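predicted structure and sequence below. I'll ask about it afterward.
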Amino acid sequence: MQLVSNNIREAMGGASFIRKMFEVGIELKKQYGADNVYDFSLGNPDAPPPAGAAAGLCKVAETANEPFALGYMPNAGYPETRGAIAGSLTREQGVDVPLSHVVVTTGAAGAINVLFRAVLESGDEVVCPAPYFMEYRFYAGNFGGVLKPVQSRDFTFELDVEAIEQALTPRTKAILINSPNNPTGQIYTRAELEALADVMRRHMRKTGKVLYLISDEPYRALNFDGVEIPSLFDIYEYTVIVGSYSKTLSLAGARIGYLAVCPAMPDPMELINGVIMTNRILGFVNAPAIAQKLLTCMIDEQVDLRLYRERRDAMAKVLDHAGIRYNMPKGALYFFPQSPIPDDAEFVNTLLKERILAVPGRGFGTPGYFRLAFCVPMSSIEKSAEGFARVVRSL
């Protein structure tokens, strides 16, 4: 007898390549020892949280015995947390973001889900540049939406704005972008984003319907070369920014993020109030109280960027040594190299012979590539070098 719905059975059958490789890694580590398995499958940030984390937790503990210390708060989050995020976004985006335009969420994933619940009707389309974070398809599908990937420019992964324009239809409700990008590390330029905004305005004039630009920015602070990450609030008035502190503060398990609505959006409170309601009715109710209080104490901190920059550069040397082609990631925590053979899944399976775990590019909507997460110990990166080289030689 069937215990789950058909669409969840289908989703389980095509479950995340990342999680599958993670589970393979657990078995290999049992067999060979953790130090002899080179696991680049999961973007689990291993940089220690900033020093403020311990102090912040102590501060939360000091008041934990008071009435309602960890009780319910407004569905949008503690006012002081919303204010702290709004202040941070004002500095980051170069636009005055009021507290009222910020909703604290259960991570960036929670933010995208509450937004989709608020704006999507069944059959609405969400256009997304590929490669893309594979869970986006599920997030849209949760509420009857359809994700429409559009391939970015080959190898450079720059936006193909013309192809995005051709993909727009009267059912398109949003374009979802992620910069710095998972899995490519690409950062979109101001020229690309302004061209995209022009396309979106033309489409709105043609259809008479709102077209949202959703910018997923959990990696914004992981910008290794100091290139410009343009403010979308300054470029397109129907922008909604979502983000989290999983990577920038190494608080992945705290599940703390936000959704922010562009101050220039006409009549923004309808959308904001809608999102506050969906945050409640989806069962999140509010973002975790401890995480909100901790974030308020840490809002101006971030992990040591040098740690990840050094690992990025070390991973590049490993790929150079093996003769694997790649585009140097400008940000985030990943390389997305070209597979030496057309079948990226076969190449990833061949890497397992050297106890190297990667994720095939088809899991991100772009076959012919594979993803490596470099948020791993430096020793794992360096010790994997000969394994990569042997696999490439064998092929």
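Perfect, I can see it now.

can you show me the strands along the chain?
For the chain, the strands defined by DSSP state E cover 38-39, 102-105, 125-130, 146-151, 172-178, 212-216, 239-244, 257-261, 334-335, 356-357, 359-360, 370-373.

could you dump the fifth one to PDB, C-alpha only?
Right, the one you point to is strand 172-178. Only the C-alpha atoms of strand 172-178 are listed here, as PDB (Å, rounded to 0.1, in the frame of the first residue of the first chain):
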ATOM      1  CA  THR A 172       5.800  34.000 -15.800                       C
ATOM      2  CA  LYS A 173       5.500  35.300 -12.200                       C
ATOM      3  CA  ALA A 174       9.100  35.700 -11.200                       C
ATOM      4  CA  ILE A 175      12.800  35.400 -12.300                       C
ATOM      5  CA  LEU A 176      14.900  33.800  -9.600                       C
ATOM      6  CA  ILE A 177      18.700  34.500  -9.600                       C
ATOM      7  CA  ASN A 178      21.500  33.600  -7.200                       C
END
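
what packs against that strand?
helix 107-119, strand 125-130, helix 190-207, strand 212-216 (3 or more C-beta pairs under 8 Å, 6 or more residues apart in numbering; DSSP states H and E). C-beta coordinates here come from the backbone N, C-alpha and C atoms, glycine included.

okay if I get those as TSV plus distance to Asn279?
Formatted as TSV, these follow (distance: least, C-beta to C-beta, whole Å):
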stretch	distance to Asn279
helix 107-119	5
strand 125-130	19
helix 190-207	26
strand 212-216	16
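
of all those, which lies closest to Asp344?
Set against Asp344 and scored by C-beta to C-beta, the helices and strands packed on strand 172-178 come closest in strand 125-130, at 13.8 Å.

what are the boundaries of the helices in the stretch 1-150 of the chain?
Along the stretch 1-150 of the chain, counting by DSSP state H, counting those that start in this stretch, helices occupy 6-13, 17-32, 52-62, 79-93, 107-119, 135-141.

where does the chain dip in pLDDT?
Within the chain, the stretches with pLDDT under 70 are 13-16.

could you list the domains of it?
If you go by automatic domain parsing, the domain ranges for the chain are 6-49+304-394, 53-298.

switch these over to JSON lines; also include mean neighbour count.
Formatted as JSON lines, the domains of the chain follow (neighbours: other C-beta atoms under 10 Å):
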{"stretch": "domain 6-49+304-394", "mean neighbour count": "18"}
{"stretch": "domain 53-298", "mean neighbour count": "19"}
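
among the helices of the stretch 1-150 of the chain, which is nearest Leu271?
Here helix 107-119 is closest among those (C-beta to C-beta), at 6.8 Å.

quick one: the closest one to chain centroid distance?
13 Å (C-alpha atoms, centre = their mean, to the nearest Å).

and Phe40, which of the helices and strands packed on strand 172-178 is closest to it?
strand 125-130 (20.7 Å).

just put the strands of the chain in JSON lines and tack on distance to Ile290.
Listed next are the strands of the chain as JSON lines, based on distance: least, C-beta to C-beta, whole Å:
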{"stretch": "strand 38-39", "distance to Ile290": "29"}
{"stretch": "strand 102-105", "distance to Ile290": "13"}
{"stretch": "strand 125-130", "distance to Ile290": "32"}
{"stretch": "strand 146-151", "distance to Ile290": "33"}
{"stretch": "strand 172-178", "distance to Ile290": "28"}
{"stretch": "strand 212-216", "distance to Ile290": "24"}
{"stretch": "strand 239-244", "distance to Ile290": "16"}
{"stretch": "strand 257-261", "distance to Ile290": "15"}
{"stretch": "strand 334-335", "distance to Ile290": "29"}
{"stretch": "strand 356-357", "distance to Ile290": "32"}
{"stretch": "strand 359-360", "distance to Ile290": "32"}
{"stretch": "strand 370-373", "distance to Ile290": "27"}
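
alright, that wraps it up for me.
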